[in-house]
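J.: here's my sequence, what's the structure:
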Amino acid sequence: EVQLMESGGGLVQPGGSLRLSCAASGFTFSNYDMNWVRQAPGKGREWVSGINSGGGWTGYADSVKGRFTISRDNANHTLYLQMNDLKPEDTAVYYCVKGAWGREDYWGQGTQVIVSS
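T.: Modelled structure (predicted):
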């Protein structure tokens, strides 16, 4: 059974940092591209960042470029999102998503990030 378990969300002040983690199990993690997607209150889902299976390619939405960094540890089956210089508009539920974007097939349950003073 595929499981994606996000953690690391919370309340942070503007300008602060958080590191999200996604522990993956039930599939060969190193074979799959992975993504982070977020959904802000009252809005649709937004692709945030992606990384290929080997970690050699990464991509970012314009809204987070230069502030967020995606990475992965294939040995420990974990996906990360380092978020710096957080802004109130980054407030959302963040989801870990398995598979190449457009062919994704599993989503985690999400972790809440709130950026507020």
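J.: against Gln82, how distant is the residue nearest the centre of the chain?
T.: Nearest residue to the geometric centre of the chain (Cα atoms, centre = their mean): Trp36, 3.0 Å. Distance, Trp36 to Gln82, using Cβ to Cβ, to the nearest Å: 11 Å. For every residue, glycine as well, the C-beta is placed using N, CA and C.
J.: where in the protein is pLDDT low?
T.: Filtered on pLDDT under 70, the chain yields no residues whatsoever.
J.: all strands of it, in order?
T.: Taking DSSP state E, the strands of the chain run over residues 3-7, 10-12, 18-25, 34-39, 45-51, 58-60, 68-73, 78-83, 92-98, 106-107, 111-115.
J.: so what does the third one touch, helix or strand wise?
T.: Read it as strand 18-25. Judged by 3 or more Cβ pairs under 8 Å, 6 or more residues apart in numbering; DSSP states H and E, the packing partners of strand 18-25 are strand 3-7, strand 34-39, strand 78-83, strand 92-98, strand 111-115.
J.: contact partners for Arg38?
T.: Each residue near Arg38 by Cβ atoms under 8 Å, 6 or more residues apart in numbering is listed here: Arg45, Glu46, Val48, Asp90, Ala92, Val93, Tyr94, Tyr95, Val113.
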